[in-house]
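>>> Okay, here's the prediction I keep looking at, along with the sequence it came from:
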Amino acid sequence: GQQLNQSPQSMFIQEGEDVSMNCTSSSIFNTWLWYKQDPGEGPVLLIALYKAGELTSNGRLTAQFGITRKDSFLNISASIPSDVGIYFCAGHEYGGSQGNLIFGKGTKLSVKP
Amino acid sequence: DSGVTQTPKHLITATGQRVTLRCSPRSGDLSVYWYQQSLDQGLQFLIQYYNGEERAKGNILERFSAQQFPDLHSELNLSSLELGDSALYFCASSRSPINEQFFGPGTRLTVL
């Protein structure tokens, strides 16, 4: 089925650096969500976006709903060790089955102290 | 803590067996979703219920079934288990189908 293209697959950065990851789709999405998952745990919702062009922040995290409705990005500023984990983008496809969240394959973030 | 609870946390069973995973949604949430996460497949949507009714189906095998009860908790039944069914199974809930979903801690199923 439909899958989101999330990049990069993994990142290894120094503490204090900024991080940027993005997600693209071949079709239009109504919502974009960003989740973080720690090993063996459930995904935790970070940011939800509902309108094209919307820019939303949650502490050091900022995410945007692309104007074309086919992409979204997540930025993390001044990374810290606890930012380590896998970040997933997800969204509801326009015209798709309501509630059926489509996920990217994740970006694995490693932070070096 | 998302407010979504899942039991059991771990489950180890043998091929051919049947298991039941349980999920209690956040208070007030009417929609429940089940996802499977294996190493090479990412998060795959299985099935959705809204207020007791099946709303959407994803890549759910015929050997798998689910239901949502009047008190809104949900169960996912996996039968004739195969080695490839070993995975993390997550339940998520939301106020309505168009709202953001909150995930439970998952059940790790190991089929030997």
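Thanks, I have the structure now. Because the structure is predicted, anything quoted here is derived from the model rather than measured.
>>> so where is chain A shaky, pLDDT-wise?
Along chain A, the model assigns pLDDT under 70 to residues A:1-2, A:96-99.
>>> for chain B, that is, sorry about that
B:40-41.
>>> Strands along that one, start to end?
B:5-7, B:10-13, B:19-24, B:31-38, B:42-50, B:53-57, B:64-68, B:74-78, B:87-94, B:102-103, B:107-111 (DSSP state E).
>>> okay if I get those strands as JSON lines plus mean neighbour count and distance to chain A?
For glycine as for every other residue, the C-beta is placed from the backbone atoms N, C-alpha and C. Below are the strands of chain B laid out as JSON lines (neighbours: other Cβ atoms under 10 Å in any protein chain shown; distance: least, Cβ to the nearest Cβ, whole Å):
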{"stretch": "strand B:5-7", "mean neighbour count": "16", "distance to chain A": "8"}
{"stretch": "strand B:10-13", "mean neighbour count": "14", "distance to chain A": "10"}
{"stretch": "strand B:19-24", "mean neighbour count": "19", "distance to chain A": "11"}
{"stretch": "strand B:31-38", "mean neighbour count": "24", "distance to chain A": "6"}
{"stretch": "strand B:42-50", "mean neighbour count": "22", "distance to chain A": "4"}
{"stretch": "strand B:53-57", "mean neighbour count": "14", "distance to chain A": "4"}
{"stretch": "strand B:64-68", "mean neighbour count": "19", "distance to chain A": "13"}
{"stretch": "strand B:74-78", "mean neighbour count": "21", "distance to chain A": "13"}
{"stretch": "strand B:87-94", "mean neighbour count": "25", "distance to chain A": "5"}
{"stretch": "strand B:102-103", "mean neighbour count": "22", "distance to chain A": "4"}
{"stretch": "strand B:107-111", "mean neighbour count": "18", "distance to chain A": "7"}
